[in-house]
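Chemist: What would the 3D arrangement of this be:
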Amino acid sequence: MLLLPVLPPLQTRNLKRKNDKDLRRKIPSFSESFEDTVFNGLSNSLNSFSIKNPGRRIILLALSGGADSTAMAAALAAVVENAADTLSANLKLHALHVNHGIRPSNACTADKEAAVTLCKTLDIPITVTKIPPGTVNSYARQYGTGIEGAARYYRYKALEEEALRVGADAIVTAHTSDDRLETILMSFLRGSGPAGLGALSSLIATAENAIPIVRPLLPISRAEVLAYLKVRNLGYCSDETNNDQHFFRNRIRHVLIPLLDQQFPYWRYPVLRLGETQAMTASFLLEEAEKRLAWDNQAAETGLQLSADQFFAEPAIIREEALFLALDILTKNDNDRKNPRRDTLRSFAQGIETAVDLGQTRLENKNGWITARKTTRQTVERGFSVLIKRTGAYKLNDITVIAGEQQTDSNESVFYAGFPLVFRSAGEGKILAEDRNGRAAEARNGKLVWKREQTPKNGNIRFSILFNGGSFTNGS
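Modeler: Down below sits the predicted model:
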């Protein structure tokens, strides 16, 4: 079976397999190459994290029952079964399946049964945990993270707890190169800096327990995953929510990426290299910011500070990275921590604004000092996003969006756009309205600061925003 040309060929360990009857064979099969690539990704990451204990090592697999995690579990189980060296022979696999409690019960049951059946076939111990129904939704509402973000929080929390319980040396997840491409595109469209564009590195460490999280499938495409499952005759479950284009990632996956594949067939490999370059850039900038602008954390509970003269003497990008670093220090233990948008920090880093309220934190340039501190507010802004496809009134937190011919009590809140319209919070008190032609309106702190006027090209549907309840009357 041919591999996709957009990625480097799968790598092999060039090692003989214990059960290989044909020792003269020079070219490994596709399935063996796939398995060796997964194993190499795991072993290289563990070595880079200084986990070189030659004894028994326990690896916890995040197993959803979907295609990617099924292929990962099968590949690592095959490597262990056909152990060709001490490293693979000493691996002990354990799996965790998490039911997030946000999908229909029949779908959750099918996922669990698929995961349990696979582990029974592969002789891998598995633990199944269920998050109480409503927990994820409640967290998303409370902290404004969205359903996907809340599910991710509880999934990794469960993985950390299980890793400690079984004494795992590492947690392994099944992110592929397609996941990384999607993340890079999402970060690009959001205007992220090097850290965002370089996201999904092959190895990260959990905040509290320093258990490494390894992503050995990152060199492998989703097409190669599906090809491997076909060769091994392995079934898997599909999550119907992955087709729901209300979610940003799904629109990237089902709309933008097919278009790029059609118009620019060789785009994938260069974009992946871009991500790697940006990851190195982010790492360098962080190190430079730490060396050049050291925050005084003697009063860490109330805030961090450094000299304004020293701050503004550094290049603009170093100033921005130093601000991100300070915010990370202040919010590292917060469940609802959110990185602010870079353009929000830029105006402060350039000296244009002397104070910026970021919800959880506040930045100030006052009396010769740059100060970053936690806010004393008991609540922070909650996120939301809604897709509007037809006329009517839509209630969102403390605002109302009216689509159609109703008239508001103030013309200043009126703008024009087309259906469908995405209406969402963008952090720091900002609200955006976007249709197929881009931005249609922007509001900040309860006031419409930019709006699109009526034009035939951009859509002529009349939208209104009512802040803090507001009022409107029916009209023609």
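Chemist: Next, the buried residues of the helix or strand containing Q262.
Modeler: Using DSSP states H and E, Q262 sits within helix 257-263. For helix 257-263, the neighbour count (16 or more other C-beta atoms under 10 Å) marks I257, L260 as buried. C-beta: built from backbone N, CA, C; applies to glycine.
Chemist: name the helices or strands packed onto that helix?
Modeler: helix 177-189 (3 or more C-beta pairs under 8 Å, 6 or more residues apart in numbering; DSSP states H and E).
Chemist: contacts for the helix it packs on?
Modeler: Outside of helix 177-189, the residues within contact range by C-beta atoms under 8 Å, 6 or more residues apart in numbering are 7, 68, 196-197, 199-200, 217-222, 248-249, 252-253, 256-257, 268, 271-272, 274-275.
Chemist: hmm, back to that, output the helix holding Q262 as PDB, nothing but the C-alphas.
Modeler: Output in PDB follows, covering the C-alpha atoms of helix 257-263 (Å, rounded to 0.1, in the frame of the first residue of the first chain):
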ATOM      1  CA  ILE A 257      -8.600  21.400   4.400                       C
ATOM      2  CA  PRO A 258     -10.500  19.700   1.500                       C
ATOM      3  CA  LEU A 259     -10.200  23.100  -0.300                       C
ATOM      4  CA  LEU A 260      -6.500  23.300   0.300                       C
ATOM      5  CA  ASP A 261      -6.000  19.600  -0.800                       C
ATOM      6  CA  GLN A 262      -7.800  20.400  -4.000                       C
ATOM      7  CA  GLN A 263      -6.200  23.700  -4.900                       C
END
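Chemist: can you give me the offset of that helix from its chain's centre?
Modeler: 22 Å (C-alpha atoms, centre = their mean, to the nearest Å).
Chemist: Following the chain onward from it, which element is next?
Modeler: Following helix 257-263 in sequence order, the next helix or strand is helix 268-292 (DSSP H and E).
Chemist: what about S138, distance to I399?
Modeler: Separation of S138 from I399 (C-beta to C-beta, to the nearest Å): 22 Å.
Chemist: Can you show me the CA trace of the helix or strand encompassing L118 as PDB?
Modeler: Using DSSP H and E, L118 falls within helix 105-122. What follows is helix 105-122 as a C-alpha-only set of coordinates in PDB (Å, rounded to 0.1, in the frame of the first residue of the first chain):
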ATOM      1  CA  SER A 105     -26.000   6.800  26.000                       C
ATOM      2  CA  ASN A 106     -26.100   4.400  23.100                       C
ATOM      3  CA  ALA A 107     -23.000   6.100  21.400                       C
ATOM      4  CA  CYS A 108     -21.200   6.100  24.800                       C
ATOM      5  CA  THR A 109     -21.900   2.400  25.200                       C
ATOM      6  CA  ALA A 110     -20.700   1.500  21.800                       C
ATOM      7  CA  ASP A 111     -17.400   3.400  22.400                       C
ATOM      8  CA  LYS A 112     -16.900   1.700  25.700                       C
ATOM      9  CA  GLU A 113     -17.600  -1.800  24.200                       C
ATOM     10  CA  ALA A 114     -15.200  -1.200  21.300                       C
ATOM     11  CA  ALA A 115     -12.400  -0.100  23.700                       C
ATOM     12  CA  VAL A 116     -13.000  -3.000  26.100                       C
ATOM     13  CA  THR A 117     -13.200  -5.600  23.200                       C
ATOM     14  CA  LEU A 118     -10.000  -4.200  21.600                       C
ATOM     15  CA  CYS A 119      -8.100  -4.400  24.900                       C
ATOM     16  CA  LYS A 120      -9.300  -7.900  25.500                       C
ATOM     17  CA  THR A 121      -8.000  -8.900  22.100                       C
ATOM     18  CA  LEU A 122      -4.700  -7.200  22.600                       C
END
